[in-house]
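**Student:** okay, predicted coordinates and the sequence, questions at the end:
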Amino acid sequence: MTRRYAAFPCFGASSSLGGGGIPLAGSRFVRFESVLSFQAGRAAPLAEAPPEVLARLGALRPLLCGLALDRPRIMGILNVTPDSFSDGGDLGTVQAAVTRAQAMAADILDIGGESTRPGAQAVSIADEISRVVPVIRAIREAGITTPISIDTRKAAVAEAALDAGADIVNDVSAFRYDPELADLVAERGVPVCLMHSKGDPATMQNAPHYADVVAEVLDHLAERMEFATARGVAHDRMIIDPGIGFAKTQAHNIALLAHLPRLHDLGVPLLLGASRKKFIGAIGGAEVARDRMPGSVAVALHGAAMGAHILRVHDVAETAQALALWQAINAPDAAVCAD
């Protein structure tokens, strides 16, 4: 399936229509004033665009665990793994994880017990459950009500996590690793993030190749959404993620970031997870992952400007501060003053 339309974002006072146009994917801060038809190869004004296309590109996405998606939401990464590329081993005890969760001013907590970094090996179901379930239970027992996403590819792990208090499933394989996870998501009626990837973490960075990375990622995500629908997952429960850094070179990552608005043609919330990834260090001159915060924030702000709904980040406080300034500058009522 080839997706055919994209919106051109403009935002705040920079809009040529002074704040006119249509909100991009329901954003309070980003709008669009023309639509590109890839079949026709030209940009068309809004008056010429099919109504169903405008609805798909402009509609406010459904609430996510009670969170309105009219502005970017921050998903804070809480890895309870010994080998994650950036923060592996940081949270060696349940109490350390709870303390980190309490300190995070995130809209969503994303908890993972299996590293899916390039070269990572699979973790057994029992080990993964033993890492994530006690943490989720302890977070809920501590009175933290922030929605929790379980970052897993496995139905058994997701089921245990949901029973312990998780609310969302985040599957980097988009149901390719364990198709039964789709059945669980459908049965529980919980939101699910479907991410693009090829191969598996152990081999995915072995010379990944695409003829057109943006089009192929779109087609793959559309196919995974169709699979999810066939297994009973509701469309309004789906989220998509282009999978920055998963089976992609630096050039692939940059192309996807530059063309993020094309992903809105799928009509569901868009999650961007680029925090501290290798390409940020390569471009920004930061070999150590922990030194990539400034570049990560820059990419997060770019995602916000492209209408991303969820920003998955390690550096929550820094990203939140940057977003607050970005939102103030690009608010619909931001004044334009002459000298």
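**Tutor:** Nice, I can see it.

**Student:** C-alpha from now on. contacts and neighbour counts both.
**Tutor:** Noted.

**Student:** quick one: secondary structure of the nearest residue in space to Ala7 that is not next to it in sequence?
**Tutor:** Closest residue to Ala7 in three dimensions, ignoring its sequence neighbours and counting by CA to CA, 6 or more residues apart in numbering: Val35, at 4.7 Å. In the three-state summary, Val35 is assigned as strand, counting by DSSP: H, G, I helix; E, B strand; the rest coil.

**Student:** Val35 bridge partners, please.
**Tutor:** Bridge pairing for Val35 (DSSP bridges) gives the partners Ala7, Ala44.

**Student:** next: Val30.
**Tutor:** When Val30 is checked against DSSP bridges, its beta-bridge partners turn out to be Phe11.

**Student:** that one contacts Pro9, correct?
**Tutor:** Yes. Under the criterion of CA atoms under 8 Å, Val30 lies in contact with Pro9, with a separation of 6.2 Å.

**Student:** need the contact list for the most centrally placed residue in the chain.
**Tutor:** Among the residues of the chain, the one closest to the centroid is Leu271, at 1.8 Å (CA atoms, centre = their mean). By CA atoms under 8 Å, 6 or more residues apart in numbering, the residues touching Leu271 are Cys193, Ile239, Ile240, Asp241, Pro242, Ala308, His309, Ile310, Leu311, Arg312.

**Student:** and which of the residues you listed is nearest to Asn170?
**Tutor:** Ranking those by separation from Asn170, with CA to CA as the measure, puts Cys193 on top at 4.7 Å.

**Student:** now do the SS call for the closest one.
**Tutor:** Judged by three-state DSSP, the three-state class of Cys193 is strand.

**Student:** hang on, the earlier thing: got the confidence number for the residue nearest to Ala7?
**Tutor:** On the pLDDT scale, Val35 is placed at 93.

**Student:** for it, what are its contacts?
**Tutor:** Applying CA under 8 Å, 6+ apart, one finds that Val35 lies in contact with Tyr5, Ala6, Ala7, Phe8, Ala43, Ala44, Pro45, Leu46, Ala49.

**Student:** next, count neighbours for the residue lying closest to the fourth one once chain neighbours are set aside.
**Tutor:** In space, and not counting its chain neighbours, Phe8 is closest to Phe32: 5.3 Å by CA to CA, 6+ apart. Taking other CA atoms under 10 Å as the neighbour definition, Phe32 ends up with a count of 24.

**Student:** try Leu266
**Tutor:** Neighbours of Leu266 (other CA under 10 Å): 20.

**Student:** does it really touch Val53, like I thought?
**Tutor:** No. In this structure, Leu266 is not within contact of Val53 by CA under 8 Å, at 10.2 Å.

**Student:** name the SS class of the residue nearest to the centre of the chain, please.
**Tutor:** Quick answer, by three-state DSSP: Leu271 is strand.

**Student:** can you show me the helices along the protein?
**Tutor:** For the chain, the helices defined by DSSP state H occupy 51-58, 94-103, 125-141, 155-164, 180-188, 213-230, 250-258, 278-284, 293-305, 316-329.

**Student:** check contacts around Arg28.
**Tutor:** With contact set as CA under 8 Å, 6+ apart, Arg28 has these partners: Asp70, Arg71, Ala331, Pro332.
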